[in-house]
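S.K.: From the sequence below, what's the structure:
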Amino acid sequence: MPLLDSARLEAALTLLGETLAHRRQGVELVVLGGSGLRLLGVVQRATHDVDVVALLEDGGLATAEPLPSNLREAARDVARVLDLAPDWLNAGPTSLLDLGLPEGFLERCEVRRFSTLVVHAASRLDQIHFKLYAAADHGPRSKHVSDLRALAPSRAELLAAARWCRAHDPSEGFRDSLRNALALFGVEVELGDL
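M.R.: Numbering: from 1, shown residues only. Modelled structure (predicted):
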C-alpha cells in the first residue's frame, strides 16, 4: 500500500470530509504522530497512517477506540478509492488518554477543516512530549528520534516532556531509556531528576 505523503494525506482527509458531508455526518478528530507532524509542516517523511488519539465530543476529549462506525465506514470507502491500507485511520494511541495528555493540550492544537471533518493536530510542544516518549521506547535509530530532531526542542521543553513521560511509565527500565534519549539531544540528567 502506498504511504501517505503530503499530497495523499491531504487527499485522504479531504475525501473523508467530503464523504462524511455527503452522508450528513461530521466528526472531530485529534491526531498526533507522523501525520500530525505533516499537517504542522514539521516533517516531510511519508507515514503509514493517521494516528487518532481522541475524538472531540461536546468540547471534551473522548476515547477513539473503537472509532465510530460511521467514521470507520467512511474511512474504508476512502481507502478503497485511494488505495490506502484499510486501517489508514487508526485509534492506536488513544490509550494515552488513560494517564492524561500534557496540560493545555487541546487549547494548543492546530485546527484544520476538511468539510465536516475537523482535525485537531497536536501542537509542536505536545508532539515533543509524544516523540520523546516514543524515542525512549523505540531507541536511538527510530523515526521518532528524527522527528524529535525536526521539532528542534529546547532543553526546557525536553525536561518538561521527560516529566510527562515518567508519569506515564515510572519503571526503572524506561527511566534509563529516557535518560539515553535525552542524552542524544545533549541533555544530561541525574537519576533522581527523572
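
S.K.: Go through the chain and flag its longest helix.
M.R.: Longest helix in the chain, counting residues (DSSP state H): helix 6-22.

S.K.: Check which helices and strands it is in contact with.
M.R.: Under the contact criterion of 3 or more Cβ pairs under 8 Å, 6 or more residues apart in numbering; DSSP states H and E, helix 6-22 touches helix 33-40, strand 50-57, helix 69-82, strand 110-114, strand 117-121. C-beta here means a position set from N, CA and C on the backbone, and glycine is covered the same way.

S.K.: tell me which residues in that helix are buried?
M.R.: For helix 6-22, a neighbour-count test (16 or more other Cβ atoms under 10 Å) marks R8, L9, A11, A12, L13, L15, L16, G17, E18, T19, L20 as buried.

S.K.: what's the answer for stretch 139-154, then?
M.R.: For stretch 139-154, a neighbour-count test (16+ other Cβ under 10 Å) marks S142, K143, H144, V145, D147, L148, A150, L151, P153 as buried.

S.K.: what do you get for stretch 72-80?
M.R.: Under the neighbour-count criterion of 16+ other Cβ under 10 Å, stretch 72-80 has A74, A75, V78, A79 buried.

S.K.: Which of those residues sits closest to D137?
M.R.: Distance to D137, by Cβ to Cβ, is smallest for A75 among the buried residues of stretch 72-80, at 26.5 Å.

S.K.: Write down the beta-bridge partners of the closest residue to that closest one other than its chain neighbours, one by one.
M.R.: Distance criterion Cβ to Cβ, 6 or more residues apart in numbering; nearest residue to A75, sequence neighbours excluded, is L89 at 4.2 Å. Assessed by DSSP bridges, L89 has beta-bridge partners V50.
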